[in-house]
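Engineer: what follows is a predicted structure for the sequence shown.
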Amino acid sequence: MRTTRTVMESRHFAIRSVECTDDHARWSAPEAAPSAHIVLVRRGRFRVDVRGLGVTVEPATGYLHLPGEEMRFAHPAGGDVCTSVTFAGDELTAGVRAAPRSRAVRVDARLELAHRLLLRSGGDPGFAAAEAVLDLLRLALREQPHDSPPPGRAGLAERAREAILADPLAGASLVELARLLETSPSHLSHTFRHHVGMPLSRYRNRVRVSRALARMDQGETDLAALAAGLGFSDQAHLTRVMRAELGHTPGRVRALLAPGVRRPL
């Protein structure tokens, strides 16, 4: 079942929160959307197929949909919570139609923070929210993964992603994760970088920063406890990783996500 709540709407765009409780591995019937939209995940993961190109959508990977394209969905991991930004007309979407053939959107920490700030952009759809939407669109279109995966064991890379998403602490080291996946550390490292486009360590940090952002967005203020709960060696380690991924310290992010008026990045 899919539940949709409109967060903000104007004649140029609509921001909606979508919660899906489906749990099925099979593809749904094709459906088409009349407008361009970007979907970013806040919790959970699912699969989307657009023009025969399958994408696993999770906090580190969103997707872009162009008007009229048919898509199918599968939810092999249960429910999810997403944000959908739908565009009406072409005023805000210059460059979207020229997007690469791949519909996957690589979500780095800056894009995720822009996503969370978008949901806090207040009641001014004409200016503040429109600027927040454009910030998000610019970051989403800045860099896309390759149109098609290179040859090789894509399934191994996918299983590694699923293991890290299920529990970032499941593989406390590359050796342990490789043992869990019944392969060698060297083969796992090479295959993951080949298919995902970044080292395993970077992806794991990306997932941990995503969870830190979610916890801080929910009001977490104890940064030492946050660091320990996410498997960082200490608060200083969390600070180094978050600064490297996001360009901000946890204290700055906490201030940005505090209730009140949206602050510029």
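Structural biologist: The structure has been received and is ready for your questions. Numbering: from 1, shown residues only.

Engineer: right, and residue 76 touches residue 25 too?
Structural biologist: Yes: if you go by CB atoms under 8 Å, residue 76 and residue 25 touch, sitting 4.1 Å apart. Where C-beta positions appear, they are placed from N, C-alpha and C, glycine not excepted.

Engineer: between those two, who's got more neighbours?
Structural biologist: Set side by side, residue 76 and residue 25 show more neighbours around residue 76, with 14 against 9, by other CB atoms under 10 Å.

Engineer: list the contacts of the more buried one.
Structural biologist: Neighbour list for residue 76: 23, 24, 25, 46, 47 [criterion: CB atoms under 8 Å, 6 or more residues apart in numbering].

Engineer: of all those, which comes closest to residue 14?
Structural biologist: Of all the contacts of residue 76, residue 46 has the smallest distance to residue 14: 20.8 Å, by CB to CB.

Engineer: could you check the pLDDT of the closest one?
Structural biologist: Here, the pLDDT recorded for residue 46 equals 92.

Engineer: what's the distance between the residue lying closest to it once chain neighbours are set aside and residue 222?
Structural biologist: Counting by CB to CB, 6 or more residues apart in numbering, residue 46 lies nearest to residue 75, which is 4.7 Å off, once chain neighbours are set aside. Residue 75 is 34 Å from residue 222, where distance means CB to CB, to the nearest Å.

Engineer: those two: which is more packed in?
Structural biologist: Comparing residue 75 with residue 222 by other CB under 10 Å, the one with more neighbours is residue 75, at 19 against 11.

Engineer: hey, which helix or strand in this protein has the poorest pLDDT?
Structural biologist: helix 128-141 (a mean of 81; mean pLDDT, DSSP states H and E).

Engineer: can you give the distance from that helix to the centre of its chain?
Structural biologist: Mean-position distance between helix 128-141 and its chain equals 15 Å (CA atoms, centre = their mean, to the nearest Å).

Engineer: for the contacts of residue 76, name the two members farthest from one another.
Structural biologist: Top of the distance list for the contacts of residue 76 (CB to CB): 23 and 47, 12.6 Å.

Engineer: and the pLDDT for residue 262?
Structural biologist: Residue 262 carries a pLDDT score of 51 in this model.

Engineer: residue 174 too?
Structural biologist: pLDDT, residue 174: 81.

Engineer: wait, it touches residue 187, no?
Structural biologist: No: the pair residue 174 / residue 187 is not scored as a contact, 11.0 Å apart, by CB under 8 Å.

Engineer: between these two, which one's more packed in?
Structural biologist: residue 174 (17 against 13).

Engineer: ok, the more buried one - contacts?
Structural biologist: Shown in contact with residue 174 (CB under 8 Å, 6+ apart): 185, 188, 189, 200, 201.

Engineer: need the phi and psi values for the fourth one.
Structural biologist: Phi and psi for residue 200, reported as degrees, to the nearest 10, are phi -60, psi -40.

Engineer: got it, and the second one?
Structural biologist: Comment: the main-chain dihedrals of residue 188 come out as phi -60, psi -50, following degrees, to the nearest 10.

Engineer: was I right to think it contacts residue 181?
Structural biologist: Yes: using CB under 8 Å, residue 188 and residue 181 qualify as a contacting pair, with a distance of 6.3 Å.

Engineer: compare these two (neighbour count), which wins?
Structural biologist: Neighbours around residue 188 and residue 181, counted as other CB under 10 Å, are more numerous at residue 188. The numbers are 25 against 18.

Engineer: residue 74 versus the most centrally placed residue in the chain, what's the distance?
Structural biologist: Compute the mean C-alpha point of the chain, and by CA atoms, centre = their mean the closest residue is residue 59, 2.9 Å away. Separation of residue 59 from residue 74 (CB to CB): 18 Å.

Engineer: excluding chain neighbours, what is closest to residue 227?
Structural biologist: Here the residue nearest residue 227, using CB to CB, 6+ apart, is residue 238, at 3.9 Å.

Engineer: got the contact list for the one you found?
Structural biologist: By CB under 8 Å, 6+ apart, the contact set of residue 238 is 212, 223, 226, 227, 230, 232, 250.
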